[in-house]
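Trainee: Everything below, folded, please.
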Amino acid sequence: NAEKLIVTFTSNNPTYEPDGLTFYITVTDANGGSYQKVVGRNAPAGTRDRLTQLGARKWGYTWVMDSLDPSEGGFCAQTGLTGGTSIGIQLRVTSSNVLVEEKRKTANTNSLFAYREGADADTAYITYGRHLQNLDRATSGVSERITKAVQLSDISFADDTSSRTDWYTYYTEKGIGFQPITNPNLTSYTGSTQKDDGGKFYASIYNLTIGAPADGESGERGLFAAFSGTMRDVTMTGTRILGGQHTGALIASASGETVLENCRVYLSERRGDLTAAGKAQSPDGLTPWLQGSIAGGLIGMTVPGSNVTITGSFAATVIQAERQAGGLVGLVGGALQIQNAYSDCYLTSAQTGGIAGSSAGGSISAESFYTAGYQSAADVASGFVPDAMTSAKNGYSACSYHTQPNAEPTIYATAPSGAMENVYYLAEAGVNAGLDVGTEKSYLTLSSAEEVAQLGLGTAFTMSSGSASYPYNLMEQGLSYYTYPRLAALDH
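Mentor: Numbering: from 1, shown residues only. A predicted model of the protein is given here:
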């Protein structure tokens, strides 16, 4: 039960008869449904399934019960049973020799996800890429009863050269890509589990690549195409999305009451992401990791009428969009609350913002937050957002702005307007004086523990340190660690 659900059946044949055994395989789901497959001597005429001789007396049959490869088929398509529940598998073996009595053996697993005995029936457990992809209803036909998902282990989509049973070998090499998850029944995704010692294990998703939408496919591109609910403790490293209408590493389009808690999107030097991004003198020269018409580090778009909260989270990646690019959200269409969060991204678009590329029609309130990174905008750039903010408290922007050729963008160090309390921005050449709210501070001030202590940023902040700082230096800045205040609960 890994990147494919493969069940192997074997039996000895004491009579040496070459065609003497029949395997009766019965699969039952949690709803009382059943499906039977007959292989061997008494199999229906014309069946393609055959027993394989494994030894002088040993015979076997292997069934790929669930696969994302269309040539093999998914569990629901093959059996017509309910997907995502625990299933029972029974093998009954009979012989053509009346002196040989039949034998039976049973086993249990889950048809679409990892198996955990006694687990809640509404929860999918995720340990492999196939399990993750099977959350998508169109892909797997997963039961409406599945409303929660818990990731139990790290998942890698990279090429594992030591394995021929990894996602890359089974699917990527055959041109089968990951499809963004759409499942309106799923309202909770958690990337952590409790350990025996009382601590938590935080799982990660590595090197997920999502291609640009083909003709007829949705333009919503992200781990989830659409999501409404709670996403907690989700870590994504080296995520690449190659295009779309709305692009976000976690969610393309967020709606309803949605909460992102302790979610992280970033690049990893250890996994080669920084090398793959390349080097450049301006953000628009870097290899983009998230691309779309509208793109954000965590969320592509929040829809009108939504109420989205981002807390204890960050995005640090390279984003390129046609219309709007935001460090956390591409376009805010509803209400967005930010608490204890930051972005440090390389942004390129017509409009850029450290929090969001635009909030036209929406509202943003933020507390205990900051934005950093580099922006290259054709029309307008901003430390927070190029539209009015509802409120901002205890935060700052340390963004740097690079003008695209033949462009004369308006640059806001924070936002055009909004109620601001203890909000600061780094003095930066090119920022349009008089168009900003907040208080300008120098590099020396924001880098001094003594002076930062006088700014009233609150207890959520601490001065940075090398052990909690991981500079990308994609523009060859020569940084050794982040020198400004960081959120105490988050590495930078």
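
Trainee: So Val437 sits against Tyr425, correct?
Mentor: No - using CB atoms under 8 Å, Val437 and Tyr425 do not qualify as a contacting pair, with a distance of 9.2 Å. C-beta: built from backbone N, CA, C; applies to glycine.

Trainee: Of the two, which one has the most company?
Mentor: Using other CB atoms under 10 Å as the criterion, Val437 and Tyr425 rank with Tyr425 on top: 26 against 19.

Trainee: neighbours around the residue nearest to that one when sequence neighbours are not counted, how many?
Mentor: In this structure, Tyr425 finds its nearest non-sequential neighbour in Ala413, 3.9 Å apart by CB to CB, 6 or more residues apart in numbering. Residues lying near Ala413 (other CB under 10 Å) number 28.

Trainee: list the contacts for Ala413?
Mentor: 382-383, 397, 399, 425-426, 428, 431, 436, 438, 440 (CB atoms under 8 Å, 6 or more residues apart in numbering).

Trainee: Pipe those into JSON lines and attach pLDDT and secondary structure per row.
Mentor: Formatted as JSON lines, the contacts of Ala413 follow (pLDDT from 0 to 100; DSSP: H, G, I helix; E, B strand; the rest coil):
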{"residue": "Ser382", "pLDDT": "95", "secondary structure": "strand"}
{"residue": "Gly383", "pLDDT": "95", "secondary structure": "coil"}
{"residue": "Ser397", "pLDDT": "95", "secondary structure": "strand"}
{"residue": "Cys399", "pLDDT": "93", "secondary structure": "strand"}
{"residue": "Tyr425", "pLDDT": "93", "secondary structure": "strand"}
{"residue": "Leu426", "pLDDT": "89", "secondary structure": "strand"}
{"residue": "Glu428", "pLDDT": "67", "secondary structure": "coil"}
{"residue": "Val431", "pLDDT": "61", "secondary structure": "coil"}
{"residue": "Asp436", "pLDDT": "70", "secondary structure": "coil"}
{"residue": "Gly438", "pLDDT": "91", "secondary structure": "coil"}
{"residue": "Glu440", "pLDDT": "91", "secondary structure": "strand"}
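
Trainee: Please indicate which of those residues are buried?
Mentor: Taking 16 or more other CB atoms under 10 Å as the criterion, what is buried in these is 382-383, 397, 399, 425-426, 428, 431, 436, 438.

Trainee: ok, of those, which one's closest to Glu101?
Mentor: Using CB to CB, the shortest approach to Glu101 within the buried ones among the contacts of Ala413 belongs to Cys399, at 76.9 Å.

Trainee: I'd assumed Ala377 was in contact with that closest one.
Mentor: No - if you go by CB under 8 Å, Cys399 and Ala377 don't touch, sitting 10.7 Å apart.

Trainee: can you confirm Thr165 is in a strand?
Mentor: No - according to DSSP: H, G, I helix; E, B strand; the rest coil, Thr165 belongs to no strand; its state is coil.

Trainee: burial count for it?
Mentor: Counted with other CB under 10 Å, the neighbours of Thr165 add up to 11.

Trainee: so who does it touch?
Mentor: Here Thr165 is in contact with 2-4 (criterion: CB under 8 Å, 6+ apart).

Trainee: if we can go back for a sec, check what pLDDT the residue nearest to Tyr425 gets.
Mentor: At Ala413, the model reports a pLDDT of 91.

Trainee: And the one 3 residues further on, by the same measure?
Mentor: Reported pLDDT at Pro416 in the predicted model: 92.

Trainee: ok, it to Asn394 distance?
Mentor: Per CB to CB, to the nearest Å, Pro416 is found 20 Å from Asn394.

Trainee: How about Glu440: which residues does it bridge to?
Mentor: Tyr425 (DSSP bridges).

Trainee: Tell me if I am right that Gly88 is in a strand.
Mentor: Yes - secondary structure of Gly88 (three-state DSSP): part of a strand.

Trainee: Quick check: nearest residue in space to it, chain neighbours excluded?
Mentor: In space, and not counting its chain neighbours, Gly88 is closest to Thr28: 4.6 Å by CB to CB, 6+ apart.

Trainee: My guess is that neighbour contacts Ile87. True?
Mentor: Yes - between Thr28 and Ile87 there is a contact under CB under 8 Å: 6.5 Å.

Trainee: Between those two, which contacts overlap?
Mentor: Here Thr28 and Ile87 share the contacting residues Leu81, scored by CB under 8 Å, 6+ apart.

Trainee: any chance you could map the helices in the stretch 1-150 of the chain?
Mentor: For the stretch 1-150 of the chain, the helices defined by DSSP state H, counting those that start in this stretch occupy 75-79, 129-133, 137-140.

Trainee: what helices or strands is the second one leaning on?
Mentor: Spelled out, it's helix 129-133. Contact partners of helix 129-133 among helices and strands, from 3 or more CB pairs under 8 Å, 6 or more residues apart in numbering; DSSP states H and E: strand 123-126, strand 155-156.

Trainee: Adding distance to Asp166, write those strands out as TSV.
Mentor: What follows is the helices and strands packed on helix 129-133, written out as TSV (distance: least, CB to CB, whole Å):
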stretch	distance to Asp166
strand 123-126	16
strand 155-156	7
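
Trainee: between the ones you listed, which one is nearest to Val142?
Mentor: For Val142, the closest of the helices and strands packed on helix 129-133 is strand 123-126, at 7.4 Å, according to CB to CB.

Trainee: Let me see the residues that make contact with that closest one.
Mentor: Under CB under 8 Å, 6+ apart, the answer for strand 123-126 is 84, 110, 112-116, 119, 131-132, 134-135, 142, 146-152, 155.

Trainee: Stretch 484-492 too?
Mentor: By CB under 8 Å, 6+ apart, stretch 484-492 touches 312, 314, 340-342, 344, 368-370, 372, 396, 398, 426, 446-447, 452, 457, 459-464, 468-470, 482.

Trainee: Which of those fall within helices?
Mentor: Cross-referencing those against helices under DSSP state H gives 446, 452.

Trainee: Show the contacting residues for the residue nearest to Gly88.
Mentor: By CB under 8 Å, 6+ apart, the contact set of Thr28 is 34-35, 81, 87-88, 90.

Trainee: just curious, which of the contacts of Ala413 is nearest to Gly60?
Mentor: Of all those, Gly60 sits closest to Cys399, with 62.0 Å by CB to CB.
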